[in-house]
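Undergrad: Predicted model, plus sequence, below.
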Amino acid sequence: MYVPAHFSASDTEVGELLAGCDAADLVTSTPRGLVATFLPVLYDPAAGEHGALLAHVARNNDQWREPAAGESLFIVHGPDAYVSPSWYPSKREHGRAVPTWNYLTAHVYGRLVVHDDPAWVESLVRRLTGRHEEGRADPWSVDDAPPGFIAGQVRAIVGVELLITRIEAKAKMSQNRPEADRAGVVEGYRAEGDTAMADAVRDASA
């Protein structure tokens, strides 16, 4: 990933991105070429030396069967949005402005471990479910379904774990613009109701 110094994401930003990540793209290099699957994920900072991303794939998805050559990759997406030049005060001064895109992303590299193990997979399913059901008025539990049904569902999926070796992250949030232009971008996002991007640009400019 090309990361100019002014767009380099901090360790705090990367940690928050991974902790809040709900799904990501798993990319592996295999004998038949690159293979990618979009998967629900769970970040476990205590796994391995540098943490891990945990997920599961359908048993019928051949990606888990294909031996991965070298490092595998999860592409983690944070907030992103279009930037209109009309938001820049400088555009009204000299007109030298073009559209761009703001975004936060991380390329998480590591060694992919396959877990064709019902106990491991069920534990992950319970953790994922607990995370997304927590706080709901009527949270669903794995134990709400018949045990035999759950066992069959677990047999239909396979666990994968990316043991992280390195992370390349980029937080492009208008840091290369003058202060007045950054403020204009924040107000532009707020006017469109995109408070997440407004906050991200504001925090990156702080």
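TA: Nice, thanks for sending it over. Everything numeric in this text was worked out from a predicted model, so none of it was measured.

Undergrad: Which elements pack onto the helix ranked longest in the chain?
TA: Ranked by residue count, the top helix of the chain under DSSP state H comes out as helix 118-133. Here helix 118-133 touches strand 33-44, strand 52-58, helix 147-155, strand 157-172, going by 3 or more C-beta pairs under 8 Å, 6 or more residues apart in numbering; DSSP states H and E. Bear in mind the C-beta positions are built from the backbone N, C-alpha and C, glycine included.

Undergrad: can you tell which of these is closest to residue 131?
TA: Nearest to residue 131, of all the helices and strands packed on helix 118-133, is strand 33-44, at 6.8 Å by C-beta to C-beta.

Undergrad: Show residues contacting that closest one.
TA: Outside strand 33-44, the residues that touch it by C-beta atoms under 8 Å, 6 or more residues apart in numbering are 18-19, 21-28, 51-57, 61-63, 66, 74, 76, 124, 127-128, 131, 160.

Undergrad: do that again at 6 Å, thanks
TA: Strand 33-44 has contacts (C-beta atoms under 6 Å, 6 or more residues apart in numbering) with 18-19, 21, 23-28, 52-55, 63, 127-128.

Undergrad: Next: stretch 102-118.
TA: Residues contacting stretch 102-118 (C-beta under 6 Å, 6+ apart): 1, 14, 17, 64, 68, 71-81, 83, 154, 158-174.

Undergrad: Can you select the buried ones from those residues in ChimeraX?
TA: Burial among those is assessed by 16 or more other C-beta atoms under 10 Å; the matching ChimeraX selection reads:
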select :14,17,64,68,71,72,73,74,76,77,78,79,81,83,154,158,159,160,161,162,163,164,167,168,169,170,171,172,173,174
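
Undergrad: re the thing from before, hmm, which of the contacts of strand 33-44 are the buried ones?
TA: Judged by 16+ other C-beta under 10 Å, buried ones among those: 18, 21, 24, 26-28, 52-55, 63, 128.

Undergrad: Format those as CSV; extra columns: pLDDT and distance to residue 112.
TA: Below are these laid out as CSV (pLDDT from 0 to 100; distance: C-beta to C-beta, whole Å):
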residue, pLDDT, distance to residue 112
18, 97, 17
21, 96, 17
24, 98, 13
26, 98, 8
27, 98, 10
28, 98, 6
52, 98, 10
53, 98, 10
54, 98, 11
55, 98, 10
63, 96, 9
128, 97, 18
